[in-house]
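**Student:** Fold the following.
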Amino acid sequence: SEGWAVGNNGAIRHTTNGGASWSTQTSPIGGLLTSVFFFDENNGWIVSRDNWGEIIHTTNGGSTWTLQPESSLNPWNDVFFISPTKGWVVGMDSTIMRTNDGGQTWVKCNLQVSNNPYLRSVQFIDEMTGWAVGTAGFILKTEDGGINWHDVHSGHDELLQSVFFTDPLNGWASGTDGVV
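**Tutor:** Numbering: from 1, shown residues only. Coordinates of the predicted model:
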């Protein structure tokens, strides 16, 4: 029944009753917050598209949020953590970054793509296997924890907005014009 939502002007909302009511949490950054991910009730991350690469983190359920260092200056669209220490962010200019220390340091991943997709969503099923999706129907996959990514041809050229896998063989990507 606990959840978080983010939006414009640095908005962070928190519910403890399944969305019947929402309280405001204080954000250290403004602009459009594009994604929120909580690994558990305490550890969460939020990314921003408007603030050129800002990532904020909480270790106390959002009572306080702190800005994490990140040097790419890239607008972020999504964040995903498989553990309190291991996570990924995706954004503009085919950029994926990963962390192994909860976001204290971020490392740019190697992408083997022919174009320059704007990535919109990222998800992992374990510490090694993950997918990212974005513009022009791009689906990228990693099997080494996000160090290297390769193109998986989707057969579509529409923008893919979201990706979700239940295991290495079963997953969905959804996008514009009803593409699933």
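
**Student:** what sits against the residue lying closest to Ser154 once chain neighbours are set aside?
**Tutor:** Distances taken as Cβ to Cβ, 6 or more residues apart in numbering put Gly137 closest to Ser154, at 4.3 Å, once the chain neighbours are dropped. C-beta: built from backbone N, CA, C; applies to glycine. Gly137 makes contact with 154-160, 175, 179, according to Cβ atoms under 8 Å, 6 or more residues apart in numbering.

**Student:** repeat for Asp50
**Tutor:** Listed by Cβ under 8 Å, 6+ apart, the contact set of Asp50 reads 30-32, 75.

**Student:** pretty sure Trp109 contacts Trp149?
**Tutor:** Let me fix one detail, which is that residue 109 is Cys and not Trp. Yes. Using Cβ atoms under 8 Å, Cys109 makes contact with Trp149 at a distance of 5.9 Å.

**Student:** Please enumerate the shared neighbours of the two.
**Tutor:** Counting by Cβ under 8 Å, 6+ apart, the shared contacts of Cys109 and Trp149 are 96, 142.

**Student:** Sheet-wise, list the partners of the helix or strand bottoming out on mean pLDDT in the chain with their directions.
**Tutor:** When each helix and strand of the chain is scored by mean pLDDT, DSSP states H and E, strand 110-112 comes last, with a mean of 88. Partners of strand 110-112 in the sheet, by DSSP bridges, are strand 148-152 (parallel).

**Student:** mind checking how far the strand it pairs with is from the chain centre?
**Tutor:** Centroid separation for strand 148-152 versus its chain: 17 Å, with Cα atoms, centre = their mean, to the nearest Å.

**Student:** What of stretch 163-173?
**Tutor:** Taking the mean of its C-alpha atoms, stretch 163-173 sits 16 Å from the chain's own mean (Cα atoms, centre = their mean).

**Student:** what's next to that stretch, contact-wise?
**Tutor:** Contacting residues not belonging to stretch 163-173 are listed as 121-123, 125, 129, 131-133, 139, 154, 160, 162, 179-180 [Cβ under 8 Å, 6+ apart].

**Student:** Over to stretch 22-29?
**Tutor:** By Cβ under 8 Å, 6+ apart, stretch 22-29 touches 4-5, 10-15, 33, 46, 48, 51, 54, 56, 62-67.
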